[in-house]
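My questions concern the predicted model and sequence given below.
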Amino acid sequence: MASIKYQDNQWVNIVNPHEEDILKLKKKYKFHTLDLEDCLSESQRPKIDEYDKYLFIVLQFPYYNRRSRHIATEQVNIFIGQNYLITIHDGHLDELNKIFEKCQKSPKSKKELFGSCTGYLLYSIISNLFSSSFSITDKIQITLKNIEQAIFETAQVKDQLFDIMVTKKNIITLRKILLPQRTVIAALEHKQKKFLPEHLEIYFDDVVDQIEKLWNILETQKEIIESLEDTNESLLSHKINNTMRTLTVFSVVMLPLTFLTGLFGMNVQLPFTEALANLEHFWNIILAMVVIVLLMVGIFRWNKWM
């Protein structure tokens, strides 16, 4: 548990909360027991609970997991009162950690972020966290460009299914995170004015605009990845069809040859086997087989089957 003070206001930042931290909060601030229990739970939906002395806010933000190449979700629990702001999270959000460290080291940054009240500090944190989400959409955009180049600009058709599925999952995850946030952030404009003064309405409206921009970007990326998925499947189907056509032509060409070799390879007496005892007739049969192959290939090419 670490804290920063500026004038009469205080920001308490708790990373990886334990029961001891929760008990300290309960003893000092008299928060509701259910809210404190929510802070130890990882499956809360975004919401705002309003009380006489504080607001309890649950928000979720995306972060990029470099090892798995997947986008994960970090839950941030926030208590805001008249002169304090408490953030509780697991520490995966680099941007939130940077903001706190910046406030600790730079008095100028502390003054800018705190402003005149804890409500402005809340806006500063939320705005920076949503702004950092644009870097994730930029990574997705680069991935989409690489997939598009691999599909359209390479001579050899390669299966891009894995990259497409990973990117599609990331887009879906981001959309799931942002969808409920719009309502929560919009509701902050109309909550108790002693915590969030009227002049902050325009600031939180700016955060709503950020979310809308992110949502519009994801809508476009969703359409692009779906189009790339369809194109990739079409190209692979076309490649498979060409392969099957080649194998079919090969099988059809081999059919009469198999018939001839099977016929003369039977261990029975044929009417004309005595004449074939001469080695010259063997080469005549080979020549006949070659003629048949050339004739069938000519027929296939004439009909544009190969």
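Received the coordinates, thanks.

Which stretches in the stretch 101-250 of the chain count as helices?
107-114, 118-152, 161-188, 201-264 (DSSP state H, counting those that start in this stretch).

Which strands or helices does the third one pack on?
Read it as helix 161-188. strand 47-50, strand 55-65, strand 70-80, helix 118-152, helix 201-264 (3 or more CB pairs under 8 Å, 6 or more residues apart in numbering; DSSP states H and E). (Each C-beta comes from the backbone N, C-alpha and C, glycine too.)

distance between the first one and the chain's centre?
Right, strand 47-50. 29 Å (CA atoms, centre = their mean, to the nearest Å).

residue contacts, residue 293?
For residue 293, the contact set (CB atoms under 8 Å, 6 or more residues apart in numbering) comprises 253, 257.

Where does it fall, secondary structure wise?
helix 279-302 (DSSP states H and E).

Any regions of the stretch 1-150 of the chain where pLDDT drops low?
Within the stretch 1-150 of the chain, the stretches with pLDDT under 70 are 43.

was I right about residue 130 contacting residue 215?
No: under the criterion of CB atoms under 8 Å, residue 130 is not in contact with residue 215, lying 11.1 Å apart.

Between the two, which has more neighbouring residues?
More crowded of residue 130 and residue 215, by other CB atoms under 10 Å: residue 130, with 24 against 15.

ok, the more buried one - contacts?
By CB under 8 Å, 6+ apart, residue 130 lies in contact with 61, 207, 210-211, 214.

Rebuild those as a markdown table, extending it with neighbour count and distance to residue 1.
Below are the contacts of residue 130 laid out as a markdown table (neighbours: other CB atoms under 10 Å; distance: CB to CB, whole Å):
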| residue | neighbour count | distance to residue 1 |
| --- | --- | --- |
| 61 | 23 | 21 |
| 207 | 21 | 27 |
| 210 | 17 | 30 |
| 211 | 19 | 30 |
| 214 | 23 | 31 |
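
thinking again about what came up before, possible to save the helices of the stretch 101-250 of the chain as CSV with distance to residue 30?
Output for the helices of the stretch 101-250 of the chain, formatted as CSV (distance: least, CB to CB, whole Å):
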stretch, distance to residue 30
helix 107-114, 24
helix 118-152, 17
helix 161-188, 23
helix 201-264, 27
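
looking at the ones you listed, which is closest to residue 98?
helix 118-152 (8.5 Å; CB to CB).

That closest one versus strand 55-65: what angle between them?
Using axes from the mean of the first three to the mean of the last three CA atoms, to 10 degrees, the inter-axis angle of helix 118-152 relative to strand 55-65 is 30 degrees.

Now tabulate the helices and strands packed on helix 161-188 in JSON lines and tack on distance to residue 12.
Shown next, in JSON lines, are the helices and strands packed on helix 161-188 (distance: least, CB to CB, whole Å):
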{"stretch": "strand 47-50", "distance to residue 12": "18"}
{"stretch": "strand 55-65", "distance to residue 12": "14"}
{"stretch": "strand 70-80", "distance to residue 12": "8"}
{"stretch": "helix 118-152", "distance to residue 12": "11"}
{"stretch": "helix 201-264", "distance to residue 12": "22"}
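
Out of these, which gets nearest to residue 16?
Of all the helices and strands packed on helix 161-188, strand 70-80 comes closest under CB to CB, at 11.7 Å.

So which elements touch the next helix or strand after the closest one?
Downstream of strand 70-80, the first helix or strand assigned by DSSP H and E is strand 84-89. Helices and strands touching strand 84-89, by 3+ CB pairs under 8 Å, 6+ apart, are strand 9-15, helix 19-29, strand 70-80, helix 118-152.

Can you tell me what sits against strand 84-89?
By CB under 8 Å, 6+ apart, strand 84-89 touches 9-15, 17, 21, 25, 29, 39, 74-80, 96, 118, 121-122, 125.

Report the contact partners of the residue positioned nearest the centre of the chain.
Computing the C-alpha centroid of the chain and ranking residues by CA atoms, centre = their mean puts residue 170 first, at 1.0 Å. Shown in contact with residue 170 (CB under 8 Å, 6+ apart): 70-71, 136, 140.

Pull out the buried members of the residues you listed.
Applying 16 or more other CB atoms under 10 Å to the contacts of residue 170, the neighbour count classes 71, 136, 140 as buried.

Give the burial count for residue 196, as a bare number.
Neighbour tally, residue 196, other CB under 10 Å: 23.
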